[in-house]
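Q: need a 3D model of the sequence below.
(one chain, ligands or ions: 2)
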Amino acid sequence: MEQTFIMIKPDGVQRGLVGEIIGRFEKKGFTLKGLKLITVDRPFAEKHYADLSAKPFFNGLVEYIISGPVVAMVWEGKSVVTTGRKIIGATNPADSAPGTIRGDYAIDIGRNVIHGSDAVESARKEIALWFPEGIAEWRSSLHSWVYE
Ligand code: DAT
Ligand code: MG
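A: Ligands and ions are numbered 1, 2, ... in the order given. Predicted structure coming up:
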């Protein structure tokens, strides 16, 4: 089953949005496969955002991500990468639809509360980077109530 990497950024943790965000993925029917509160250092944040290293906002982005603890998660389910991005909303909260996490809880692009993998391949890389210890092996007993 498809997996994605979701991270509640330091602003989301500081603002007390952890429960609300986890609840949205849970209530959708996705399965939580990994979860930890972790503060990452600069080299780690630079690796996570390596694709954006040439961007003018890269330094500010790295400063933001290392500014406090984040909640790193792996969520599993059918099309969870694409659907997860829909639940999160557009990168710039000014363009995120109401009802999405960024649409409901963020204003500035540099404080957009949450990260979600943008493709199955990047999800695989991000899960390997953030969860080198591996993730939980379990199957929700709700499976047959969520999937036909
Ligand atoms: P997303 O997080 O929606 O996948 P991204 O991968 O293009 O977006 O960029 C990663 C983060 O970098 C994004 O969540 C916020 C920040 N960012 C992106 N574009 C930006 C910009 N033009 N100005 C400032 N920050 C930006
Ligand atoms: Mg991205």
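Q: got the phi/psi numbers for residue 33?
A: The phi and psi values for residue 33, taken as degrees, to the nearest 10, are phi -110, psi -10.
Q: could you export stretch 15-29 as CSV, CA atoms only?
A: This file holds the C-alpha atoms of stretch 15-29, laid out as CSV (Å, rounded to 0.1, in the frame of the first residue of the first chain):
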residue,chain,number,x,y,z
ARG,A,15,0.6,26.6,17.7
GLY,A,16,-0.9,23.4,19.1
LEU,A,17,-2.1,22.1,15.7
VAL,A,18,-0.7,18.5,16.1
GLY,A,19,-3.9,16.9,17.3
GLU,A,20,-6.0,18.7,14.7
ILE,A,21,-3.7,17.7,11.8
ILE,A,22,-3.4,14.1,12.9
GLY,A,23,-7.1,13.9,13.3
ARG,A,24,-7.7,14.9,9.7
PHE,A,25,-5.5,12.1,8.3
GLU,A,26,-7.0,9.6,10.8
LYS,A,27,-10.6,10.5,10.0
LYS,A,28,-10.0,10.3,6.3
GLY,A,29,-9.2,6.7,6.8
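Q: buried residues in it?
A: For stretch 15-29, burial by neighbour count (16 or more other C-beta atoms under 10 Å) applies to 17-18, 21-22, 24-25, 29. For the C-beta atoms, the positions are set from N, CA and C on the backbone; glycine is no exception.
Q: of those residues, which belong to strands?
A: Counting by DSSP state E, the buried residues of stretch 15-29 place none of their members in strands.
Q: with respect to ligand 1, which of those residues is nearest?
A: Each of those was scored against ligand 1 by C-beta to the nearest ligand atom, and residue 21 proved nearest at 14.3 Å.
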